[in-house]
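Enquirer: Can you look at this prediction? I've put the sequence above it.
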Amino acid sequence: MNRKILDTLLALVGACTFIPGLLEILFGLTGETYTWAILSFGGDYDLWRGLILVASGSLFFFTINQPISVQKRAQAVLASAMIWIVGGIEILSTVLNSIPGGEGSWFNTTSEFLSYYTGPFTPSLLLLPVSLVLVILVSSVEVKNDS
Amino acid sequence: MLDPEERWRLIDKLARETVEYGADRSTIGSVLAELTVKPLTGIPFALAVLYGFWGFFDAFAGFFTDGFFVPLFDDHWLPWIQNAFPLKGSWLYYILVGDPEAVNSFEALGMLTSGVFVAIGVVLPAIVAFYLIITILEDSGYMPRLAVLVDTVLHKIGLHGFAVVPMILSLGCNVPGVASTRTLETKKQRFMMMILLSVFIPCGAQLGVMLSLIPEFFGYIMIYLLAGFFVFGWILNRLIPGRSPEIITDVPPLRIPTFKNVSRKLWVKVKGFFTNAIPFVLLGVGLVNLLYLGGVISWLANSLEPLFTGWFGIPKETVAPLIAGFLRKDLAVAQLSAIDMSGFQLITSVVIISIYFPCIATFSMIIKEGRNSGGVIKVLGGSLLTLITVVFLWGGLLHLIGILLGVA
Amino acid sequence: MTILLMGHPNVGKSAVFNRLTGANITESNYPGTTVDFTEGYAFIEGEEYKIIDVPGTFSTEPKDEAEKVALDILAEHDDPIVIVVIDSTKVERGLYLAFEVMERGYRVLIDLNMWDDAEKHDLEIDVCQLEKILGVPVVPTVAISGKGISTLVENVPSASRTDIGELREKITNL
């Protein structure tokens, strides 16, 4: 894969991170929640998540136009790591929230347990696999260049 | 013995003969290591790490405390012991079980009810979550990077960035934090750091309880305490004679933490909690109940009322948690959250719990370390003087802020 | 018989200590976490050794309380074996401390720890030649994973004194 395709991908992922990040800041400030298809905005600490996504998106943009190098790779990894932290916490809290039963019983019923996993999801959660693939791509390009 | 210059000359020559440096190929790890200390990329990443810290804590402690321990203690343990314990109405019942009518474990106030619940149900999950993250941050080498980022601020108050190591250790527990001030060079630095740490840096257990019981106020309390750290650091730096030289330290490389080391450290902490902390928590509850029965608490509350309500703007009932706070600050915060008061009063009283006196374990460590840092009398006298000033000024100021904002 | 583990802060002394004694003291990836010494015991070739994890020190001229502790320990033991733990990526500074200890006439064994980091940096250290010139055993280790620790242990009995005058000549004639 050449640099152009890679940069296009980086820009795309960057935009997909940056824009939802801005929206999250917006919804964080107004305190509203909004759901669109399987995507949801709002909730506790949305402002915080938004800021992180905006920073991550900016860092993706920053990697564009640089020659393929360890620097570029590391920047992409760092930007993705920020998504992974936010998304990872999302997964963890969903899993842990779905287990206890609340009033009257220790554990949740199977159907209620499953209802936690049908969405809608926050942007960072959807971006997590995307950025993971991107990092693998960025790394593989590096290796090719070396040989 | 050689003189240093000759030693270096010989070593240079020896190294040239035996060590061959490869082309300094930067690896992804070393570039990442750099990116995490550069402010432009480092600060946003630090923000993400702190979010991860908080998010993990919230999910993990919430899972155990709200998901399992609260129903266990409130629905099963509390009603059982209230009925099963004999001698209802006696002083022993009061100390061990507390209020026979209480419907939740926070408000029962007995050693076996509130005491056990706070220790096992609230503090234990909190410190496991807390230390797990701290250990991972430590072992990965990220902690000192955070230190480099706040280095600039610390320089302003005359503490070089390396003072962050005692600070970080203090966030776990003030005792090793105070002990590690030994790595600071001058008596002035050691003295300053010991006081600032023990007064303004809440320990892991206290942080944990704050995060689980009053998360909505956590940010405000921490900001106010850290502001105090810097303000009084700046003042002390002006007042205390002596110098605070710079230390140049390396930032260690980033590493992937090993499961073995992380679990071992965590185990040491948890074991320490069971042997050192739980007895103190129970003792604290017992002591406060005993003082209640003896009328000491109501006497203290009434005689201190003008000070509490007038100067600090908090209810006089907070005197009981303040007493428990000598033994364990985490217990004190838990007891505070059960008292009926406004949000701003709760913030103020938690701040005062943090700064009014170090817990007994930290206090004895200060005495021990004081011997190496200019004499016990000087250090103790100095700390007490600073302490009293800080409590009145910083506690009163918060009340004033509340009045100006119209919330107190 | 006593073995002292000495070295700069954050070179992995506590990790080496844990490996040697099977103890459980805290290893941290930042300097200055060991401010007090820790003792442990190990059997090496049928003999019991007392092992002391000395707080990190840059030189034998003390600069702070933790370093003072380190030097007091060095002074108060009768003819100990000193294992100087060196960060393999920063050999020169480590050797500086090793020289100081050797000059004081102690039996020394050099542990080039964090060998994996050196490999990652494409750093090549000629261990055999270093050993020959210094006249003390030099052992590469990765204490975190335990690599090289058994060789380190085997070399404990052969820790030896070096005549500094001779060493100076040897190096000057290289």
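Expert: Perfect, thanks for sending it.
Enquirer: Do the helix or strand A:Pro20 falls within and chain B come into contact?
Expert: In this structure, A:Pro20 sits in helix A:3-30 according to DSSP states H and E. No: Helix A:3-30 does not reach chain B (Cβ under 8 Å from any Cβ of the partner chain); its nearest approach is 11.1 Å. Using the backbone N, CA and C atoms, a C-beta is placed for each residue, glycine as well.
Enquirer: Figure out how far that helix is from the centre of its chain.
Expert: 10 Å (Cα atoms, centre = their mean, to the nearest Å).
Enquirer: Return the set of buried residues in it.
Expert: A:3, A:6-7, A:9-10, A:13-14, A:16-18, A:20-21, A:23-28 (16 or more other Cβ atoms under 10 Å in any protein chain shown).
Enquirer: just checking, what packs against it?
Expert: Applying 3 or more Cβ pairs under 8 Å, 6 or more residues apart in numbering or on different chains; DSSP states H and E, we find helix A:3-30 packed against strand A:39-41, helix A:46-63, helix A:70-98, helix A:123-146.
Enquirer: And the ones you listed: which comes nearest chain C?
Expert: Chain C lies closest to helix A:70-98 among the helices and strands packed on helix A:3-30, at 13.2 Å (Cβ to the nearest Cβ).
Enquirer: Now do the closest one: which elements does it pack against?
Expert: helix A:3-30, helix A:46-63, helix A:123-146, helix B:28-35, helix B:39-64.
Enquirer: ok, and for the second one, which residues are buried?
Expert: Spelled out, that is helix A:46-63. When burial is assessed from 16+ other Cβ under 10 Å, helix A:46-63 yields the following buried residues: A:46, A:48-63.
Enquirer: now swap in the last one and tell me
Expert: With burial defined by 16+ other Cβ under 10 Å, the residues of helix B:39-64 counted as buried are B:41-42, B:44-49, B:51-64.
Enquirer: Could I get the average pLDDT for it?
Expert: Average pLDDT, helix B:39-64: 89.
Enquirer: What of the shortest one?
Expert: Confidence over helix B:28-35, taken as the mean pLDDT, stands at 84.
Enquirer: Please list which of the buried residues of helix B:39-64 also come close to chain A.
Expert: Among these, chain A is touched by B:41, B:44-45, B:47-49, B:51-52, B:54-56, B:58-60, B:62-63 when using Cβ under 8 Å from any Cβ.
Enquirer: So B:Ala301 is in contact with B:Val319, correct?
Expert: Yes: B:Ala301 is within contact range of B:Val319, at 4.5 Å (criterion: Cβ atoms under 8 Å).
Enquirer: any common contacting residues for those two?
Expert: When contacts are counted by Cβ atoms under 8 Å, 6 or more residues apart in numbering or on different chains, B:Ala301 and B:Val319 are jointly contacted by B:Phe308.
Enquirer: Of the two, give the one with the bigger neighbour count.
Expert: B:Val319 (22 against 17; other Cβ atoms under 10 Å in any protein chain shown).
Enquirer: Give the other helices and strands that the helix or strand containing that one contacts.
Expert: B:Val319 is located in helix B:319-324, with elements delineated by DSSP H and E. Counting contacts by 3+ Cβ pairs under 8 Å, 6+ apart, helix B:319-324 packs against helix B:278-293, helix B:296-305, helix B:329-337, helix B:343-355.
Enquirer: Now do the first one, average pLDDT.
Expert: This predicted structure assigns helix B:278-293 an average pLDDT of 87.
Enquirer: Pull out the buried positions in that helix.
Expert: Quick answer for helix B:278-293 (16+ other Cβ under 10 Å): B:278, B:280-289, B:291-292.
Enquirer: List the residues that contact B:Ile339.
Expert: Per Cβ under 8 Å, 6+ apart, neighbours of B:Ile339: B:315, B:317-318, B:321, B:349.
Enquirer: Closest one of these to chain C?
Expert: Nearest member of the contacts of B:Ile339 to chain C, counting by Cβ to the nearest Cβ, is B:Pro321, at 31.7 Å.
Enquirer: Could you name the residue of chain A that is farthest from its center?
Expert: The centre of chain A is farthest from one residue, A:Gly104, which by Cα atoms, centre = their mean lies 35.8 Å away.
Enquirer: Distance check, that one against B:Asn104.
Expert: Distance of A:Gly104 to B:Asn104, computed by Cβ to Cβ, to the nearest Å: 16 Å.
Enquirer: Likewise for B:Val407?
Expert: 27 Å.
Enquirer: just B:Leu304 next, same as before
Expert: In terms of Cβ to Cβ, B:Leu304 sits 28 Å off from B:Asn104.
Enquirer: Over to A:Pro67?
Expert: 63 Å.
Enquirer: The two: who's more crowded?
Expert: Using other Cβ under 10 Å as the criterion, A:Pro67 and B:Asn104 rank with B:Asn104 on top: 15 against 8.
Enquirer: tell me, how many neighbours does the nearest residue to the more buried one once chain neighbours are set aside end up with?
Expert: Excluding the flanking residues, the one nearest B:Asn104 by Cβ to Cβ, 6 or more residues apart in numbering or on different chains is B:Asp74, at 5.1 Å. Neighbour count of B:Asp74, defined by other Cβ under 10 Å: 19.
Enquirer: tell me the SS of B:Asp74?
Expert: helix (DSSP: H, G, I helix; E, B strand; the rest coil).
Enquirer: I'd say it and B:Ala102 touch.
Expert: No: look at B:Asp74 against B:Ala102 with Cβ under 8 Å: they stay out of range, at 9.5 Å.
Enquirer: where are the low-confidence patches of the chain?
Expert: If you meant another chain, say so; for now it's chain A. Across chain A, the ranges flagged by pLDDT under 70 are A:1, A:142-147.
Enquirer: should've been chain C
Expert: Residues of chain C meeting the criterion pLDDT under 70: C:24-36.
Enquirer: Which single residue in it comes nearest to chain A?
Expert: For chain C, Cβ to the nearest Cβ, closest residue to chain A: C:Lys120, 13.2 Å.
Enquirer: before we move on, back to that, secondary structure class for the residue farthest from the centre of chain A?
Expert: Three-state assignment for A:Gly104 (three-state DSSP): coil.
Enquirer: quick one: it from chain B, how far?
Expert: For A:Gly104, the distance to chain B (Cβ to the nearest Cβ, to the nearest Å) stands at 9 Å.
Enquirer: Equivalent analysis for C:Gly146, please.
Expert: Distance of C:Gly146 to chain B, given as Cβ to the nearest Cβ: 10 Å.
Enquirer: residues touching that residue, list them.
Expert: So C:Gly146 contacts C:Arg19 (Cβ under 8 Å, 6+ apart).
Enquirer: Quick check: it vs B:Pro252, distance?
Expert: 20 Å.
Enquirer: again, but for C:Val127
Expert: Taken as Cβ to Cβ, the span from C:Val127 to B:Pro252 is 24 Å.
Enquirer: Compare the two (neighbour count), which wins?
Expert: Between C:Val127 and B:Pro252, counting by other Cβ under 10 Å, B:Pro252 is the more crowded of the two (23 against 16).
Enquirer: partner residues bridging the residue nearest to C:Pro80 when sequence neighbours are not counted?
Expert: Nearest non-adjacent residue to C:Pro80, counting by Cβ to Cβ, 6+ apart: C:Thr2, 4.1 Å away. Taking DSSP bridges, one obtains C:Lys50 as the residues bridged to C:Thr2.
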